[in-house]
Each structure stands twice: as structure tokens, then as C-alpha cells.
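Undergrad: coordinates only, no sequence provided:
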């Protein structure tokens with residue numbers, strides 16, 4: 001009989017590859033682009049979970065899509081690398097979209113992967129069918145929809161690249177669920193073989209900046225989130241030293257310089273050190289690097305003064321000059337700009353600025369003395385928030401990470417916590433109440449065994465994600481949460497008390513007094529309640545010594561107002 005010709009090895013391999021479900025392309029695209037974990041609330045898509053597990057992708061199951069998004073967001077901010085979150089079609093995807101705003105505001109490279117209803121059932125009123133893309137339009141910098149199984153891996157790899165490139169930010173990929181089970185060809189690699197070089201400043205912009213600095217008498221550098229996104233804290237510090245110019249930071253830029261540095265002033269804006277706002281108001285030149293100069297950092301567009309010259313440096317041209325009047329706009333990466341300007345400046349700090357530097361140093365030293373005095377004041381039956389942050393500053397190491405929720409917690413932590421080394425060791429919610437608890441879990445996963453992550457939360461914010469205490473216990477994430485508990489929403493209570501002459505609408509402010517330390521114990525975490533600073537210190541030392549999730553419920557006053565400018569027309573703030 002006639003012999004049959006066996007198929008070539010290449011043809012056989014191609015045939016085998018072509019039978020691989022596209023779910024495995026998802027796993028390979030993640031792996032090939034350095035992603036080793038995914039944050040999620042499980043949906044259907046069973047083949048994808050098996051593919052990810054078999055590929056060694058760690059799966060972090062949260063108790064809500066919002067919690068999963070925030071964990072991914074904080075992980076991305078801490079590592080500086082993209083992180084992936086999943087949502088199933090309909091309510092799951094809607095919840096993911098709703099939680100992405102903070103990542104957008106913070107320019108965090110979160111990749112949202114959602115599945116949508118099968119292509120065979122679209123527009124037929126399938127269960128939980130929604131049109132996903134419109135929900136993601138305002139909270140992402142890029143999004144796409146895979147319409148063929150052989151494009152799933154390719155588009156996911158593209159999403160990861162876009163999320164982390166240029167000005168980072170969240171992206172969205174939508175995949176019909178049936179495509180994950182369809183056979184597809186999986187290439188040898190989905191990795192991108194190129195690197196995008198960050199934009200350097202024009203030589204003319206550097207020359208003009210040097211000239212403006214030379215004629216200024218009271219210059220300040222304002223360092224924003226862009227400095228940290230560019231991994232340029234060391235270069236920013238070197239620039240300040242070469243120029244002999246003091247540095248204030250935005251809340252997002254906290255960590256651009258160690259706050260123990262002789263040129264460091266602290267955070268400015270609406271949530272701010274009083275001394276920092278005063279000095280920004282006195283400056284005649286502000287070199288704003290990596291900040292959009294929005295309402296928070298400019299205290300409602302009141303800073304810098306109208307007479308000051310402003311140079312704004314950013315990688316996004318549409319942000320330059322959009323918020324406050326500027327003299328010069330520079331399109332450049334923050335790190336590249338700092339390197340170029342440092343090289344262009346003459347050796348030795350400008351002697352013309354010596355009197356200004358001495359004035360700044362004297363003012364900052366006086367502020368620090370006031371902070372120490374306020375933190376040391378005795379309190380009866382509660383702990384001063386200033387003492388809480390001072391205790392954190394005393395006990396945490398330079399690489400430990402502090403995560404602060406929005407509102408008062410952002411002000412207490414951002415203004416008062418001392419950054420000991422430049423870098424990303426402070427994370428703050430960019431505006432979302434409750435963000436801090438899932439965020440501290442993501443941050444702790446990012447730093448691993450090398451450091452501890454500690455969250456500053458109010459009881460109002462902590463209530464959003466109580467179920468994720470179980471997440472921390474189940475996943476063995478040894479993060480620590482300090483709940484500053486005043487049984488209510490203090491920002492609003494203070495507003496009613498001082499702005500509205502004590503006419504407090506308690507129905508919109510007050511909560512039940514819950515012992516969250518006891519609540520944590522009931523879910524398997526370490527938990528304790530304290531109402532004095534000595535017990536707080538003991539509790540924090542004990543929590544740091546353990547490798548398990550911990551909640552310290554700290555009794556604080558509802559009427560101790562944070563270092564914000566909101567109530568300055570009604571109250572004289574100390575800090």
C-alpha cells in the first residue's frame with residue numbers, strides 16, 4: 001500500500017497551538033509583559049481562571065470590585081508598574097469603572113480587563129448585558145474591545161504598554177466572554193521589544209529657566225506627582241542642592257525630597273503646612289515640576305501670588321498653563337528636566353538666594369517646633385491626631401509605607417508624617433473616601449517582606465471596605481490600619497460647628513460608636529482599641545512585631561480639625 005506522509009513537525013505544532021483557547025493568550029500576555037498577579041472579584045470565565053492559575057499568575061480575590069481596583073491601584077503606585085484588575089460583564093464592569101477615578105487622578109497605570117456578553121447574544125437582552133465602553137470613557141486614557149480571539153493577547157499587551165507609557169494612567173480592555181474559549185494561535189511572545197524614551201526639555205527652555213532663576217530673589221521649586229512617576233526624586237534633590245532653592249511639594253509629590261533635608265519645606269496647597277503656604281505666597285519665582293497646578297496644590301488657585309513668575313514642567317501639553325497663569329511652559333519628563341537643568345546651572349548655590357534660604361529654614365524650624373509641642377499636649381480619653389502621626393514618624397522605618405485616606409486623613413498624614421528618604425513611601429487617596437484600606441493591602445503586597453504598610457483611616461472611610469479584613473486574613477497580608485475613630489464624619493461636623501455656628505445636622509454626620517479593633521478580632525485579624533498615646537505606642541509596636549493583619553482603633557475627638565485651609569476664615573490653625 002502507498003505510504004502516508006507524516007505531517008511536518010512545524011505543521012503539527014501549528015495545529016496544536018491553534019487549538020489553544022484564547023484564555024491562555026491572556027495568561028501569556030500578562031507573563032510576557034511582567035505581570036505576575038491579578039486583582040479581582042470572580043465572574044464566570046472559568047477557562048481564564050484555570051489558565052491564569054496554571055501560568056503562575058497570583059489571583060487576589062477581594063470582597064468587591066472597588067476593593068480589587070484600589071488594591072491594584074496602590075500596587076501600581078508603589079511599584080511604578082502596571083497592575084491588572086478584572087470585572088465580569090454588567091455590574092462587575094460597572095463597579096470597576098466607578099472605582100477607577102482615583103487611579104485616573106493619580107496617574108496610576110491600572111489595566112482594567114472586563115469581559116462582556118457573548119458575541120452571539122449581544123443586543124438580545126442577555127442577563128446583565130451593559131454597554132461597557134461609555135462607562136470607562138471618562139476614567140481611562142485608552143480603551144479597546146477585542147472582536148476576535150486572535151487579538152485578545154495582542155490587545156492586552158498593548159493595554160499594559162499604554163498604561164505605563166508617557167503620562168501613566170488607567171486603561172480598559174473589553175473581551176466578549178465566548179472569545180476566551182475559542183481556539184487561537186498564541187505567538188512565541190507578546191512582549192514589546194522597544195522602550196519609549198522620556199521627552200527631554202528643549203535647550204532653549206533650559207536656558208530661559210537658568211536666566212529666570214538667576215534674577216529671582218525668592219525662588220521655590222514645587223515638586224509634584226510627576227517627579228515620582230518619572231522616578232526622579234534623587235534628581236530633583238540634586239537639582240535643589242545645585243540651585244540652592246528650597247522645595248515644597250504637592251500632596252501627590254510628597255517624597256520628591258526627604259523632609260529632613262535642609263531645603264525641604266513640606267506640602268503646600270489646601271491640605272498643607274501653614275508655613276509652606278506662607279512661603280509660596282512670598283516666592284517671586286515658582287518652578288513647578290510634574291504638577292498640573294490644580295485646585296488642591298494651589299489652594300483654590302490662590303497660590304502662587306499673582307506677582308510671581310511660574311515655570312510649569314509637564315509631559316502632557318494640555319496640562320501646561322491650564323490652571324494658573326504661567327510665564328514659561330516646558331514639555332518634558334520631570335527627571336529629564338531635573339538632569340538637564342542641574343547640568344546647566346553653575347557650580348555652587350546662588351549667593352543671591354542665601355538670605356531667602358536662611359529665612360525659609362528659620363520658618364520651617366519654627367513650624368517643626370510647634371508640631372512637636374502640639375503632638376506632646378496631653379489629652380483626656382482620646383488621642384490627638386497630631387500625636388498619632390508623630391508616633392508613626394517615631395516608629396516606622398524609612399522604607400515603610402504610609403497610606404492615607406482622603407479628607408482629614410490625607411491632611412493629617414500628608415502634612416505631618418515625615419518622609420525620611422526620597423521616593424514613593426506615602427500614598428494618598430486622590431479623592432475617594434474609603435480608598436485607604438484596600439490601598440494599604442495593595443501597598444503591603446508591593447513591598448513584601450522588606451517593609452510594612454500602615455493606613456491612616458477615619459471610621460467613615462473604613463466602613464466602606466470592612467469585608468476586606470477577611471481578604472487580608474485569607475491572603476495573609478500583614479498590613480496595619482489605624483482607624484481614627486470619632487464615630488462620625490468629622491470634616492462635615494467641623495464645618496457645621498464653625499461655618500454654620502454650631503447648627504449641626506447630625507443625621508448626615510454621626511455614626512454609631514463601633515470598636516473596630518473588636519470587629520477585626522471577630523474576623524481573625526489582630527485588633528485593639530486605644531484612647532491614650534502610651535497605649536497607642538504599645539499597640540503599634542506590637543502590631544509591627546507581628547506578621548499578620550492588624551487594626552488599631554484610636555479614639556479621637558470629632559472637633560479636632562486637620563491642617564487644611566478650608567476653615568481658615570473661621571479658625572486660626574496652628575499647623
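TA: Perfect, thanks for sending it. Since this is a predicted model, take the numbers as computed values, not measurements.

Undergrad: would you map the helices across the stretch 251-400 of the chain?
TA: 274-282, 334-344, 354-376, 385-395 (DSSP state H, counting those that start in this stretch).

Undergrad: would JSON lines of these with distance to residue 301 be doable?
TA: Placement of C-beta: from N, CA and C, glycine included. Formatted as JSON lines, the helices of the stretch 251-400 of the chain follow (distance: least, C-beta to C-beta, whole Å):
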{"stretch": "helix 274-282", "distance to residue 301": "13"}
{"stretch": "helix 334-344", "distance to residue 301": "22"}
{"stretch": "helix 354-376", "distance to residue 301": "23"}
{"stretch": "helix 385-395", "distance to residue 301": "28"}
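
Undergrad: among those helices, which is nearest residue 45?
TA: Shortest distance between residue 45 and the helices of the stretch 251-400 of the chain, using C-beta to C-beta, is found for helix 334-344: 39.2 Å.

Undergrad: how far off centre is the closest one?
TA: Distance of helix 334-344 from the chain centroid (C-alpha atoms, centre = their mean, to the nearest Å) equals 25 Å.

Undergrad: show me the shaky parts of the chain.
TA: Scanning the chain for pLDDT under 70 picks out the ranges 1-18, 349.

Undergrad: in CSV, list the helices of the stretch 251-400 of the chain along with distance to residue 223 and mean neighbour count.
TA: Below are those laid out as CSV (distance: least, C-beta to C-beta, whole Å; neighbours: other C-beta atoms under 10 Å):
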stretch, distance to residue 223, mean neighbour count
helix 274-282, 12, 21
helix 334-344, 8, 22
helix 354-376, 15, 15
helix 385-395, 20, 21
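
Undergrad: in stretch 562-571, which residues are buried?
TA: 562-567 (16 or more other C-beta atoms under 10 Å).

Undergrad: got it, and stretch 91-105?
TA: 92-97, 99-105.

Undergrad: roughly how far apart are the residue lying closest to residue 133 once chain neighbours are set aside and residue 73?
TA: In this structure, residue 133 finds its nearest non-sequential neighbour in residue 143, 6.1 Å apart by C-beta to C-beta, 6 or more residues apart in numbering. According to C-beta to C-beta, to the nearest Å, residue 143 and residue 73 sit 17 Å apart.

Undergrad: neighbour-wise, which of these two wins?
TA: The neighbour count for residue 143 versus residue 73, taken as other C-beta atoms under 10 Å, is higher for residue 73 (32 against 19).

Undergrad: and that one, what does it touch?
TA: Residue 73 sits next to 83, 102-103, 106, 108, 110, 435, 439, 442 when contact means C-beta atoms under 8 Å, 6 or more residues apart in numbering.

Undergrad: try residue 262
TA: Going by C-beta under 8 Å, 6+ apart, residue 262 touches residue 361.

Undergrad: what strand or helix carries the residue nearest to residue 133?
TA: strand 142-145 (DSSP states H and E).

Undergrad: what comes up buried for that strand?
TA: Going by 16+ other C-beta under 10 Å, strand 142-145 has these buried residues: 142-144.

Undergrad: the strands in the stretch 1-150 of the chain, which residues?
TA: Assigned by DSSP state E, counting those that start in this stretch, the strands in the stretch 1-150 of the chain fall at 20-21, 37-40, 58-61, 83-87, 110-116, 142-145.

Undergrad: which strands and helices sit next to the shortest one?
TA: It stands for strand 20-21. Applying 3 or more C-beta pairs under 8 Å, 6 or more residues apart in numbering; DSSP states H and E, we find strand 20-21 packed against strand 183-184.

Undergrad: partner strands of the strand it packs on, with direction?
TA: Strand pairing for strand 183-184, using DSSP bridges, gives strand 20-21 (antiparallel).

Undergrad: name the residues that touch the strand it pairs with?
TA: Taking C-beta under 8 Å, 6+ apart as the rule, strand 20-21 contacts 47, 51, 180-186.

Undergrad: who wins for most neighbours among those?
TA: residue 180 (24 neighbours).

Undergrad: which residues does that residue contact?
TA: Counting by C-beta under 8 Å, 6+ apart, residue 180 has contacts 21-23, 26, 45, 47-48, 115, 149, 152.

Undergrad: could you look up the SS state of it?
TA: helix (DSSP: H, G, I helix; E, B strand; the rest coil).

Undergrad: quick check: closest non-adjacent residue to it.
TA: residue 23 (4.3 Å).

Undergrad: got it, and residue 376?
TA: In space, residue 376 is closest to residue 387, 7.5 Å off (C-beta to C-beta, 6+ apart).

Undergrad: and residue 168, how far from residue 30?
TA: 18 Å.

Undergrad: what does residue 416 give?
TA: Residue 416 is 39 Å from residue 30, by C-beta to C-beta.

Undergrad: kindly report the same for residue 112.
TA: Distance from residue 112 to residue 30, by C-beta to C-beta: 14 Å.

Undergrad: same check on residue 446?
TA: Taking C-beta to C-beta, one finds residue 446 at 17 Å from residue 30.

Undergrad: those two: who's more crowded?
TA: residue 30 (27 against 23).

Undergrad: residues touching that one, list them.
TA: Contacts for residue 30 (C-beta under 8 Å, 6+ apart) come out as 36, 38, 52, 55, 57, 84, 156, 160.

Undergrad: reformat the buried residues of strand 142-145 as JSON lines; add distance to residue 473.
TA: Converted to JSON lines, the buried residues of strand 142-145 look like this (distance: C-beta to C-beta, whole Å):
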{"residue": "142", "distance to residue 473": "36"}
{"residue": "143", "distance to residue 473": "35"}
{"residue": "144", "distance to residue 473": "37"}
